[in-house]
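1. need coordinates for the following:
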Amino acid sequence: MIFKRRKKYTAWRPKYREPLARRGIFQSRRASISPKIYGRTQKATKFQTSSRAQKNFYLILTLLIAGGLVYLCLFSNLFKIKKIVLVDNKDVHLSQIEEIVRPILDEKRFLVFPGDSIFLMNTKSIKTELIDKILEIESLQIKRRYPDVLKIIIQEKEPIIIWITQDRVYFVDRKGEICYEISREILQDTDLPIVQDNLGKEVKPDDKVIKEDVVSAIQNINKRFQAKTGYEILCFEIPAAMAHEVHVKTKRGFKVYFNCQRSTDAQLDDLNAVLEHQIKNQVDQVNYIDLRIEGWIYYR
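-> This is a model prediction of the structure:
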């Protein structure tokens, strides 16, 4: 009987391993669940302490610089308006502008800030007050010239016609609107056409009293009448409100009726032909010459 020798077995013992928690496998999960228990506390290092101090220092420095700039721009005399410049003015004087603008600049903005600061001045109020109180101004622009100059560019209303009604004299612009009232002394020395309103209607600034085509016709007639006929114009008359015709009263005494919807040049040519060939020696006996109907000329 044969016996096999048994192998000698030794007991197997597993090697010692650290618990999983100690090896850090579950550490992040436990730390997120309760960081006070499992999280790792870090001590503030010297480097971190100095970094916080620097941040605080830069924050305070930034606030100081910002505060200084605010004071410099809003409260110091460097950026306060000291001079007002007027541009493109003819009849409007700087003294009129300053009389209106200075009180506005002396007012406080938002109850605290100075109104004469070039950054905070109330441009809207300045523009409104100037246009409302100075009737010669049609429009204006306000510009800042740093550090302390206020520049005002104005466009004045351009008078085209002198309008007389109820013994009061006004300027009228090319739109046919009343500009502003003037003294009668200007009638003694002016090249502008003078229009007499026979209706005697009361007017005020910005009222439209005459159509634009009538304004254009009056300008052209006033410019060419004497050269074409040899007679001087005393004044123009408007027969009805907003009519499309105008009557010319000459210094010789007779009147000429023009249709403003027709060519004034053609009507002046017709007038010249009548004066030379029909009534050349009877002008003093003529009351009026009517050119309003094309192809026909009436006179009496």
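2. go ahead and confirm Thr123 touches Ile142.
-> Yes: under the criterion of CB atoms under 8 Å, Thr123 makes contact with Ile142 at 4.8 Å. For glycine as for every other residue, the C-beta is placed from the backbone atoms N, C-alpha and C.
3. how about the strands in the protein?
-> Along the chain, the stretches classed as strands by DSSP state E are 83-87, 108-109, 113-114, 137-145, 149-156, 161-165, 168-172, 178-182, 194-197, 233-238, 245-250, 255-259, 288-290, 298-299.
4. tell me which of the ones you listed sits nearest to Val214.
-> Closest of the strands of the chain to Val214 is strand 245-250, at 5.9 Å (criterion: CB to CB).
5. pLDDT below threshold where in the stretch 201-300 of the chain?
-> Of all residues in the stretch 201-300 of the chain, none has pLDDT under 70.
6. domain ranges for the chain?
-> 47-78, 80-156, 161-299 (automatic domain parsing).
7. save those domains as a markdown table, and put in mean neighbour count too.
-> Formatted as a markdown table, the domains of the chain follow (neighbours: other CB atoms under 10 Å):
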| stretch | mean neighbour count |
| --- | --- |
| domain 47-78 | 11 |
| domain 80-156 | 15 |
| domain 161-299 | 16 |
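8. can you map out the helices along this structure?
-> With helices called from DSSP state H, the chain shows them at 27-33, 35-38, 46-74, 94-106, 123-133, 212-229, 264-277.
9. for Val112, which of these is the nearest?
-> Across these, closest to Val112 is helix 46-74 (CB to CB), at 9.2 Å.
10. what's the closest one packed up against?
-> Contact here means 3 or more CB pairs under 8 Å, 6 or more residues apart in numbering; DSSP states H and E; on that basis helix 46-74 packs against no helix or strand.
11. what's opposite Phe113 in the beta bridge?
-> For Phe113, the beta-bridge partners under DSSP bridges are Arg109.
12. you'd agree it is up against Asn122?
-> No: the criterion here is CB under 8 Å, and Phe113 misses it with Asn122 at 10.8 Å.
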